[in-house]
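Novice: Build me a structure from this.
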Amino acid sequence: MPRYRIQVAYEGTDFHGWQKQESPEKGSLRTAQGVLEKAVQRTVGEPVLVNGASRTDSGVHAVGQVAAFTSMNEIPVDRLPMALTSRLPDDIQVARAWAVQESFDPISDCVKKGYSYTINHGMPPDCWPPLFDRRTVYHTPHRLELEPMQEAASRLVGRNDFAGFANTNHGRESTIRTIVDCRVHQAGAHRMRIDVAGDGFLYHMVRIIAGTLLEIGRGHRQPALIDQLLATPDRSLAGQTLPPEGLCLRWIEYPDACCGIPFAFEET
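Specialist: This next block holds a predicted model:
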């Protein structure tokens, strides 16, 4: 049967994450997967299951989420993004679509993923909290120094035990992950963006990395803290788990293509 891969973007503020969820008190919660699955079913005219590559948390955004579904019907892939988006609410869109092999699995076939975390930093009158993009940018009143954050970020690259950068209830058998790139760059006069790419991430891992780099940028800790955390994983040594609004799933790479927006350090 025909199988389709789609690239999905969503502003995650009003979603309870990607994965479908049921609440004993509220019933079905509003999730990106749930909303998208309904739109796909209306489009193809049959029940389908839509699987996603990354289970983003409540409030986390995406421009490069990847999902897949199988249908009994042949659908022109050039028309599929518009057909689906026209049936979706304003905070989620389907950007691209591909016809793929029946065996394609958005999770197991993934090679690596890229996330960004955007921070607005400073106090009025020099720097006000974000207004128009306040739902997609985290604000701290503390002025951050770029160079120590950049040095610390570079120390994260490699294959290491990232238990110190994960919540204690991460639920994974192994905390070994490979970070292939991690950089901090200026994204405006009072704005920084952390870009990190790897073969997989633990629960809250990117938000804890961002919180740790923030502490280093404030001058409260030194870049060598990263080496200590990787050598002796201890969550209590790392920074806070920053809120979800600054986090965005940028892209997901597969052997045949890269979906989403690759690193573009000049972006704001």
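Novice: Tell me what the closest residue to residue 52 other than its chain neighbours is bridged to.
Specialist: Of all residues not flanking residue 52 in the chain, residue 67 sits nearest, at 4.5 Å (CB to CB, 6 or more residues apart in numbering). From N, CA and C alone the C-beta is placed, and that goes for glycine too. Residue 67 forms beta bridges with residue 6, residue 52, as assigned by DSSP bridges.
Novice: What mean pLDDT does the top strand by length along the chain get?
Specialist: Across the chain, the longest stretch assigned as strand under DSSP state E is strand 176-188. What strand 176-188 shows for mean pLDDT is 96.
Novice: Could I get the contacting residues of the residue nearest to residue 52?
Specialist: 5-6, 8, 33, 36, 50-53, 106 (CB atoms under 8 Å, 6 or more residues apart in numbering).
Novice: what's the longest strand of the chain packed up against?
Specialist: strand 112-121, helix 146-154, strand 158-161, strand 191-198, helix 205-218 (3 or more CB pairs under 8 Å, 6 or more residues apart in numbering; DSSP states H and E).
Novice: can I get the ones you listed in CSV with distance to residue 230?
Specialist: Shown next, in CSV, are these (distance: least, CB to CB, whole Å):
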stretch, distance to residue 230
strand 112-121, 19
helix 146-154, 11
strand 158-161, 5
strand 191-198, 14
helix 205-218, 11
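Novice: thinking again about what came up before, what about the longest strand of the chain, distance to the chain center?
Specialist: 13 Å (CA atoms, centre = their mean, to the nearest Å).
Novice: can you check stretch 227-241 too?
Specialist: Its chain's C-alpha centre and that of stretch 227-241 lie 21 Å apart, by CA atoms, centre = their mean.
Novice: for stretch 74-92, same thing?
Specialist: Relative to its chain's centre, stretch 74-92 lies at 22 Å (CA atoms, centre = their mean).
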